[in-house]
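Enquirer: next one to model:
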Amino acid sequence: MTDRADPPGPALRPVSASERIEVIDVLRGLSILGMFVVNMSHDLPWGWRFIDNRLGAPVLPEVLVLETLGKGKFFALFAFLFGLGFAIQADRARARGISATLLHVRRMLALLVIGVAFAPSHPSLAPS
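Expert: I've put the predicted structure just below:
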């Protein structure tokens, strides 16, 4: 019986610190922080005003800022950065002669598993 060696050629590996695009990392961190702040603000004492602002109560400045600058925008930024990051990964994979399609399918399957595991804990987010 012979030992089978790994096929020669480039392999996928994490990028080195010099290859990272720092502005993408910073924007990704800001988008995650923004999503956290917007979502957790509903638990603050004035959070009920997000749910029903028809009660005639004056709109607090904090609510106005979060509604105007935050709601939905941080998620959109995060989604854009996900696509941009994948495009960069695909270009780097192609430059090494690796199939970007296989990389994409593997990542999407991992996200599907995470989504299916997460869905029971938040039934309001599940598709009806």
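Enquirer: SS state for Val15?
Expert: coil (DSSP: H, G, I helix; E, B strand; the rest coil).
Enquirer: count of residues packed around the nearest residue to it once chain neighbours are set aside?
Expert: Once flanking residues are discounted, Val15 sits nearest to Arg92: 7.5 Å by CB to CB, 6 or more residues apart in numbering. (Each C-beta comes from the backbone N, C-alpha and C, glycine too.) Neighbour count of Arg92, defined by other CB atoms under 10 Å: 16.
Enquirer: name the element Arg92 belongs to?
Expert: Using DSSP states H and E, Arg92 falls within helix 73-95.
Enquirer: what does that helix contact?
Expert: 12, 15, 21, 24, 27-28, 30-35, 38, 99-100, 103-104, 107 (CB atoms under 8 Å, 6 or more residues apart in numbering).
Enquirer: how about a cut-off of 6 Å?
Expert: Leu27, Arg28, Ser31, Gly34, Met35, Ala100, Leu103 (CB atoms under 6 Å, 6 or more residues apart in numbering).
Enquirer: now pLDDT and secondary structure too, for these, in CSV please.
Expert: Listed next are the contacts of helix 73-95 as CSV, based on pLDDT from 0 to 100; DSSP: H, G, I helix; E, B strand; the rest coil:
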residue, pLDDT, secondary structure
Leu27, 94, helix
Arg28, 93, helix
Ser31, 91, helix
Gly34, 86, helix
Met35, 84, helix
Ala100, 86, helix
Leu103, 83, helix
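Enquirer: weed out the non-buried ones from the residues you listed.
Expert: Using 16 or more other CB atoms under 10 Å as the burial test, those include Leu27, Arg28, Ser31, Gly34, Met35, Leu103 as buried.
Enquirer: between those, which is nearest Val113?
Expert: Leu103 (16.3 Å; CB to CB).
Enquirer: dump the residue contacts of that closest one.
Expert: Taking CB under 6 Å, 6+ apart as the test, what Leu103 contacts is Ala93.
Enquirer: and it, how far from Gln89?
Expert: Look at Leu103 and Gln89: by CB to CB, to the nearest Å, they are 6 Å apart.
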